[in-house]
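*Asks:* Here's a sequence, model it:
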Amino acid sequence: MLNVDVLVVGAGLAGLQTARLLARRGLDVVVVDRRRELTAGIRTTGIFVRRTLQDFALPGHLLGPGVRDVMLYPPSRRNPVRLRSERDEYRVADMPGVYEHARRIAEAAGARVLLGVRYPEQTRHIRARFVVGADGARSRVARELGLGVNRRMLVGAELVHPIASGTTEPAFHCVLDPRVAPGYLAWVIDDGRHAHVGVAGYPEAMRAGVRHLLDEFAPGAPGRAVPTGPVERRGGPIPVGGVLRDLACPRGLLVGDAAGAVSPLTAGGLDPCLRMSELAAAVTEAYLRTGDVRALRRYDGGALRARFRGRLLLRGLFAGVRSPAAAEGAVALLRRGPGRKAAARVLFGDGSFPDVPLRHGPELGSPAGSLGPGSGYAA
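*Replies:* Here you go, the predicted structure:
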C-alpha cells in the first residue's frame, strides 16, 4: 500500500500545476493519468491571453509570436470586422512541449507522476488523505466524491498542422456561423509554425457530427495556411456552465475543467485553471495541516460564480444566435460604436477569470518556477 497526502487524478496542466504547488509546500503528492504519454490526447488549442502572460511565468521558447489582430467573420465570410490592440493579446503554445515541461517542473518539486494508471480501478493500492480531481470535463472524481458535475458543454474539434515559417501574419480569425459552430465559433490561429483550425458548438444543435462540420469548414477557412506536413486531430468537451457550486468536501476537491473553470462566454480555460489551481493548493494544504473543514469553505464555487454572472448572461445570448441571418446581424452590430467597443472589451479585456489571489514563485524555466495553462479550446 502506498500512503500519500494527496492523490491528483489527471496530469493535465491543472493537475500538474496543483501537484507542483502542493509538493513545494512539503506534501507527499502522486499524480496519476490514464494516458501513457502526455503528448497524446491533447484537447486544447493552447491559446494564452495577455493577462495570463502577464501574471504567470510561462516558458517563452514554447510560445508563438504575439497576436494583436482579431478578425470577426459573419457566415457569408464577407466584410469581416477587424479589431486591433496596441498590445500582444494572445500567444499560442506548443502544447506537447508545455505538457512535458509541466511534468518536469512538478517532478522537480517532489511530486511523483504515474502514467498509464486509471482511476479508480488502478489506484486501489494508493491510500491518500485527499484527492484532487483534475480529470477533465466529465470528471470521474466528481462523481466518486459526490461533488458538482458539468452539465452544459460545447464539443470542439480541431486540425493542427505545420506551415511554412513566415507565410502568415499573426491574427486570430473567428467565424460566427451557426451552421458549423452553433452557439460558439469556428476559428483559425497559428503559432508561427503550426496552424490550428477548429469548430465548436452545442452538440444537440449540430446538424452533423463535429468532425464532419470541421471537415466542411476547414478547406475554405479564412486565414488558413497551406499544410506542409501531417495533420493532427484534437477534440473534446468544453464546459461552459460556469464554475460548479460544489467544489470541495473533506475527501477532496476539483480543479480545471472538472471544476467548470472555463469562461462561460469565451470558453477559455487556461487562465482560470491557473488561478484556481493556486487557490486549490492553498486550501488543500490548510485543510491537511489543521484538519479544520472550515479551510475548505474558501474554495467556494458559489462565491466564484457570483463574479461572472454577466458572462453567464452573455453566454445565453450567444447561444441564441442560431440562424445565419441572426449571425450576420450580430456581426453587423460589432462594426462600429457600442458594439465594437463591447467586442474589444471581451476580446482584449484586462479582467481575469476567476479573480483569485495569486502568489507566484520564480520563473517557470527554473525547477521551482511558476507554471501556466489549463485546458479548453479558445481563449
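
*Asks:* Show me the strands in the stretch 151-300 of the chain, by range?
*Replies:* For the stretch 151-300 of the chain, applying DSSP state E, counting those that start in this stretch gives strands covering 153-162, 172-175, 186-190, 194-201, 232-239, 248-249, 252-254.

*Asks:* Residue 51: which of these is closest?
*Replies:* With CB to CB as the measure, strand 172-175 is the member of the strands of the stretch 151-300 of the chain nearest residue 51 (15.6 Å). All C-beta spots, glycine's among them, are computed from the backbone N, C-alpha and C.

*Asks:* what's in contact with the closest one?
*Replies:* If you take CB atoms under 8 Å, 6 or more residues apart in numbering as the criterion, strand 172-175 is touched by 47, 67, 69-73, 75, 77, 80, 90, 181, 185-189, 217, 221-224.

*Asks:* Count the neighbours of the closest residue to residue 133 other than its chain neighbours for me.
*Replies:* Nearest non-adjacent residue to residue 133, counting by CB to CB, 6 or more residues apart in numbering: residue 141, 2.8 Å away. Neighbour count for residue 141, taken as other CB atoms under 10 Å: 25.

*Asks:* for the one 3 residues further on, same thing?
*Replies:* One way to gauge burial is a neighbour count; for residue 144, by other CB under 10 Å, it gives 15.

*Asks:* Over to it. Which of the three states is it?
*Replies:* Under DSSP: H, G, I helix; E, B strand; the rest coil, residue 144 falls in the helix class.

*Asks:* burial count for the nearest residue to it once chain neighbours are set aside?
*Replies:* Excluding its sequence neighbours, the residue lying closest to residue 144 (CB to CB, 6+ apart) is residue 120, at 6.4 Å. Per other CB under 10 Å, the neighbour tally for residue 120 reads 14.

*Asks:* again with residue 324
*Replies:* Neighbours of residue 324 (other CB under 10 Å): 15.

*Asks:* right, and it touches residue 176 too?
*Replies:* No - Residue 324 is beyond contact range of residue 176, at 9.5 Å (criterion: CB atoms under 8 Å).

*Asks:* which residues do these two both contact?
*Replies:* By CB under 8 Å, 6+ apart, the residues touching both residue 324 and residue 176 are residue 75.

*Asks:* And residue 16, how close does it get to residue 116?
*Replies:* Going from residue 16 to residue 116 by CB to CB, to the nearest Å gives 16 Å.

*Asks:* ok, now residue 332?
*Replies:* To residue 116, residue 332 is 52 Å away according to CB to CB.

*Asks:* ditto for residue 55
*Replies:* From residue 55 across to residue 116, the span is 34 Å (CB to CB).

*Asks:* So between those two, which is more surrounded?
*Replies:* Neighbour tally, residue 55 and residue 116, criterion other CB under 10 Å: the higher count belongs to residue 55, 16 against 11.

*Asks:* Now do the helices in the stretch 1-150 of the chain.
*Replies:* 13-24, 50-55, 95-109, 140-145 (DSSP state H, counting those that start in this stretch).

*Asks:* quick check: mean pLDDT across the third one?
*Replies:* Taken as a whole, helix 95-109 has a mean pLDDT of 95.

*Asks:* can you check the last one too?
*Replies:* For helix 140-145, mean pLDDT is 98.

*Asks:* what's the answer for the first one, then?
*Replies:* Per-residue pLDDT values over helix 13-24 give a mean of 97.

*Asks:* just to revisit the earlier point, need the winner for burial among the helices of the stretch 1-150 of the chain.
*Replies:* helix 13-24 (a mean of 29; mean count of other CB atoms under 10 Å).

*Asks:* Also compute the angle for that helix relative to helix 95-109, please.
*Replies:* Between helix 13-24 and helix 95-109, the angle comes out at 20 degrees (axes from the mean of the first three to the mean of the last three CA atoms, to 10 degrees).

*Asks:* what helices or strands is helix 13-24 leaning on?
*Replies:* strand 2-9, strand 29-33, helix 95-109, strand 126-133, helix 270-290 (3 or more CB pairs under 8 Å, 6 or more residues apart in numbering; DSSP states H and E).

*Asks:* The third one - contacts with which helices or strands?
*Replies:* Judged by 3+ CB pairs under 8 Å, 6+ apart, helix 95-109 is in contact with helix 13-24, strand 112-115.
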